[in-house]
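A.B. asks: here's a sequence, model it:
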Amino acid sequence: MEFSRLVFERQSDRKYDSQRNIEDKKIDRILEAARLSPSACNGQPYHAYVCRGEVARRVGESCTKMGMNKFAPTAPVLIVITERPLVASAAFGARMLKNDYRSVDIGIFASYITLAAADEGLGSCILGWFDREKLCEAIGTEDTPRLVITLGYTLDGHREKKRAGGEELFTRLG
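C.D. replies: Okay, the predicted model is just below:
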C-alpha cells in the first residue's frame, strides 16, 4: 500500500475477528519491518514477544485492569515490547543530554509494527495500560514491559481521525 494511504487508513482498532488467525507470513513481514526500524546508535533497546493462543489471552487480560482495554483478550495476536539496556554510546548520550532514547526507539519500533500491520490488511492498537506483574508472568520475563500491540482482522469500520490541527502542532521557522 502507498505510504500516504497507510497513514490515513491506519487506526486504533478495538474489535477483531477472534476466529480468524493471522498467517505466519504476515507476522514475519511485520517483524521484518520492525527489525529495520531506526534506533539511537543502532542499539535496538527492545525485545518483542509475539503471543498467540492462551498466552495472548493472558497478555490481553493483563491489559484490562480497572475496566480498560476489554477487547484485548479477543485479539488473535498480541505483541509485547519490553525494554532492554541502551548500548554504551546511546547510554553516554542519554546521560549527557538527559534523554533516555529507549522511549523514542520503542515508539518508532511500535509505529513500524502498526504501519506494517496495516499494510498487511490487519488492524492494531497500541496499549500502555497493563498490570506489569501479570504481563511479565504471562510471557515469562523480568524485562520491563513498555507497550502491548494488539493485532487482528478488524471488525471495526474505518472512521475519520480526530486530531489537532496543523496550526496547533507545527511551527514553521525560517
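A.B. asks: which of the three states applies to V148?
C.D. replies: Following DSSP: H, G, I helix; E, B strand; the rest coil, we place V148 in the strand state.
A.B. asks: quick one: contacts for A138?
C.D. replies: C51, V55, R58, V59, E61, S62 (C-beta atoms under 8 Å, 6 or more residues apart in numbering). Using the backbone N, CA and C atoms, a C-beta is placed for each residue, glycine as well.
A.B. asks: pull out the buried members of those.
C.D. replies: For those, a neighbour count by 16 or more other C-beta atoms under 10 Å gives the buried set as C51, V55, R58, V59, E61, S62.
A.B. asks: can you lay out the residues you listed as JSON lines showing pLDDT?
C.D. replies: Converted to JSON lines, the buried ones among the contacts of A138 look like this (pLDDT from 0 to 100):
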{"residue": "C51", "pLDDT": "98"}
{"residue": "V55", "pLDDT": "98"}
{"residue": "R58", "pLDDT": "98"}
{"residue": "V59", "pLDDT": "98"}
{"residue": "E61", "pLDDT": "97"}
{"residue": "S62", "pLDDT": "97"}
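A.B. asks: helices - which of the residues you listed land there?
C.D. replies: Among the buried ones among the contacts of A138, the ones falling in helices (DSSP state H) are V55, R58, V59, E61, S62.
A.B. asks: select the helix or strand of the protein having the lowest average pLDDT value.
C.D. replies: helix 88-97 (a mean of 87; mean pLDDT, DSSP states H and E).
A.B. asks: quick one: the longest helix that the chain contains to helix 88-97, angle?
C.D. replies: Longest among the helix segments of the chain by residue count, using DSSP H, is helix 101-119. Angle of helix 101-119 versus helix 88-97, following axes from the mean of the first three to the mean of the last three C-alpha atoms, to 10 degrees, is 120 degrees.
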